[in-house]
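In: Okay, sequence plus prediction incoming.
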Amino acid sequence: KSDPFAIVTVRGDDPDSRDPPQIAGHTNVVFDNLNPSFSTVVMLSDYKFGVPYFIEVGLFDFDAKRGGHKETTLNRQHNSVTSEIIEKDIIANIEKKTHFPHKIMGSALFEVGEILGSRGNTASKSFQTGGAVYLNIE
């Protein structure tokens with residue numbers, strides 16, 4: 001069983017940059033689901049038409065035990081509770097205060113211009129571990 005959520009990070013014009021990526025947003029946790037469907041709006045304010053712009057989608061397995069929570073309790077509560085936990089974990093990890101406690105399930109790198117040039121402004125990438133991520137830009 002898995003409790004997936006995704007984090008969208010901006011890599012800018014250099015996907016190999018050693019600079020820490022900027023967090024653009026994240027989805028809610030979908031508890032006990034191996035085939036989640038996310039619909040989350042993320043704003044990309046720095047994109048300039050014609051200039052390469054990379055974003056990465058990372059898929060993670062939420063670890064409720066990390067914060068001393070029970071998954072059944074979190075599942076019944078509003079998504080804002082898990083969202084707050086994820087945001088605190090992201091900030092602590094970026095500030096190098098703690099290790100990110102949620103297991104990575106896969107990640108995919110996209111170039112925004114390629115997505116905008118594709119049919120329906122939608123692109124997909126397969127994970128090496130199985131499954132795929134689909135990204136749509138409007």
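Out: Looks like it came in fine.
In: Let me know the helix or strand that the residue of the chain positioned farthest from its centre is in.
Out: Distance to the chain centre peaks in the chain at Gly50, reaching 24.6 Å (criterion: CA atoms, centre = their mean). For Gly50, there is no helix or strand it lies in under DSSP states H and E.
In: Just say helix, strand or coil for the nearest residue to it once chain neighbours are set aside.
Out: Nearest residue to Gly50, sequence neighbours excluded (CB to CB, 6 or more residues apart in numbering): Gly113, at 7.4 Å. C-betas here are computed from N, CA, C, even on glycine. Under DSSP: H, G, I helix; E, B strand; the rest coil, Gly113 falls in the helix class.
In: Which residues does stretch 108-116 contact?
Out: 11, 15, 44, 47, 49-50, 52-57, 121-123, 125-127, 133, 135-137 (CB atoms under 8 Å, 6 or more residues apart in numbering).
In: Whichever of those end up buried, select them in PyMOL.
Out: Per 16 or more other CB atoms under 10 Å, the buried members of these correspond to this PyMOL selection:
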select buried, resi 11+53+54+55+56+57+123+133+135+137
